[in-house]
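**Q** sequence and predicted structure are below.
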Amino acid sequence: MSAEPTLVEIGAAERDLSLVEILDHVLNSGVVLQGSIVISLAGVDLVYVGLSAVITSIETALRGSEKR
Amino acid sequence: MPVLAYCVSFPLNLPADEVGADIRWFDSDGLRCYYAEVAPLANETVIASTALQFHRVNTAMFRQVTILPFRFPAISDTLDELKNLLSRQAANLAGALHRLQGVAQMEINIHADPHAEEELASSGTAYLHRAQLRQKQADEVGKQISSAAGPYAINWKQQARGESLRFFALVERGAEQQFSQAISALTMPKGVECRVTGPWPPTEFIEE
């Protein structure tokens, strides 16, 4: 079976799939569970905005944990 | 306690280390639904770490079986409520799972190089030129991509999103590398960048 999703770039430097891309994917694709109520559609937008603000710090934390 | 729905698959026994210790499942209407109990998503840090865990679990499961992930965050107040909600969509999801067995989604994201954009913007008729060039390049790239990767793609979808153009291709499991290589071999027009990611669960093809 295939490995984790990867990235191939043409015309730009090759790099790993970024955290931003992963979060973008989980927030924008998939089955919409109709009726799930805790976070409304508008709430999801707010979640997304909020996520952008913490992505950098999480990436830093993850890098730190990988080094340990 | 609130529950976060991860994905559905057909009922198959997966090794515990693939699923994750905190992930539970139930069978209903011929589907297996994976979920986890979650504390309230109180702040952005908790949300982001939960989203990452969601991605990791679904990715690990997708290595083993065909899954349909839920859009994050699919949260229900209780497990019973999740079961009830899933039951209403079960027939459609089972149909999609049947149709999408053994395939994966590859994504191609095409966007303008920001440095090339700056060069264009310095001219007097920047806006018109930019729009015309973008459209022309998108058409060219779209033709190149469908020609190069066509043999590996069972189905295609195209989506304009902001300044970028996205292609979603449905490919057989095992053909992902060939697909990526076919796209990698293309020469993009000046000022255009193209990125291929995958394999992803075939979420863009759930609806026929």
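**A** In hand now; what should we look at?
**Q** does the longest helix along chain B pack against any helices or strands, and if so which?
**A** Counting by DSSP state H, the longest helix found in chain B is helix B:126-149. The helices and strands touching helix B:126-149, judged by 3 or more CB pairs under 8 Å, 6 or more residues apart in numbering or on different chains; DSSP states H and E, are strand B:103-112, helix B:114-121, strand B:153-161, strand B:164-172, helix B:176-184, strand B:192-200. In short, each C-beta sits where N, CA and C put it, glycine included.
**Q** compare the mean pLDDT across these and name the weakest.
**A** Note on these: lowest mean pLDDT is at helix B:114-121, with a mean of 55.
**Q** returning to what we had before: for the longest helix of chain B, give me every contacting residue.
**A** Contacting residues not belonging to helix B:126-149 are listed as B:108, B:110, B:112, B:117, B:120-121, B:123, B:153, B:156, B:158, B:163, B:165, B:167, B:169, B:179, B:182-183, B:185-186, B:188-189, B:191-192, B:194 [CB atoms under 8 Å, 6 or more residues apart in numbering or on different chains].
**Q** which of these are close to chain A?
**A** Applying CB under 8 Å from any CB of the partner chain to the contacts of helix B:126-149, one finds that B:183, B:186, B:188, B:192, B:194 fall near chain A.
**Q** how about CSV for those residues, with distance to B:A42 and neighbour count added?
**A** Shown next, in CSV, are those (distance: CB to CB, whole Å; neighbours: other CB atoms under 10 Å in any protein chain shown):
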residue, distance to B:A42, neighbour count
B:I183, 41, 23
B:L186, 46, 16
B:M188, 44, 19
B:V192, 42, 21
B:C194, 39, 24
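**Q** list just the nearest of the residues you listed to B:N92.
**A** Nearest to B:N92 among these, counting by CB to CB, is B:I183 at 31.4 Å.
**Q** what is the most widely separated pair among the ones next to chain A among the contacts of helix B:126-149?
**A** Greatest spacing in these, by CB to CB: B:I183 and B:V192 (12.9 Å).
**Q** centre of the chain versus stretch B:9-28, how much separation?
**A** Centroid separation between stretch B:9-28 and its chain, computed with CA atoms, centre = their mean, to the nearest Å, is 21 Å.
**Q** equivalent analysis for stretch B:5-12, please.
**A** Distance, centroid of stretch B:5-12 to centroid of chain: 16 Å (CA atoms, centre = their mean).
**Q** buried sites along that stretch?
**A** For stretch B:5-12, a neighbour-count test (16 or more other CB atoms under 10 Å in any protein chain shown) marks B:5-9 as buried.
**Q** contacts with chain A among the residues you listed, please.
**A** Filtering those for proximity to chain A by CB under 8 Å from any CB leaves B:5, B:8.
**Q** now, which of the buried residues of stretch B:5-12 lie within strands?
**A** B:5-9 (DSSP state E).
**Q** so B:A48 touches A:L23, yeah?
**A** Yes - if you go by CB atoms under 8 Å, B:A48 and A:L23 touch, sitting 6.9 Å apart.
**Q** quick revisit: filter the contacts of helix B:126-149 down to the buried ones.
**A** The neighbour-count test (16+ other CB under 10 Å) marks B:108, B:110, B:112, B:117, B:120, B:153, B:156, B:165, B:167, B:169, B:179, B:182-183, B:186, B:188-189, B:191-192, B:194 as buried among the contacts of helix B:126-149.
**Q** any low-confidence regions in chain A?
**A** Scanning chain A with the threshold set as pLDDT under 70 gives A:1-16, A:35-68.
**Q** just chain B next, same as before
**A** For chain B, the ranges with pLDDT under 70 are B:15-18, B:113-124, B:127, B:131, B:133-135, B:162.
**Q** count residues in the vicinity of B:E140, would you?
**A** 13 (other CB atoms under 10 Å in any protein chain shown).
**Q** now do it against B:C194, distance only.
**A** Separation of B:E140 from B:C194 (CB to CB, to the nearest Å): 11 Å.
**Q** burial check on B:E37, number of neighbours?
**A** B:E37 has 12 neighbours, counted by other CB under 10 Å.
**Q** list the contacts of the residue lying closest to it once chain neighbours are set aside.
**A** Excluding the flanking residues, the one nearest B:E37 by CB to CB, 6 or more residues apart in numbering or on different chains is B:M1, at 4.7 Å. By CB under 8 Å, 6+ apart, the contact set of B:M1 is B:37-39, B:78.
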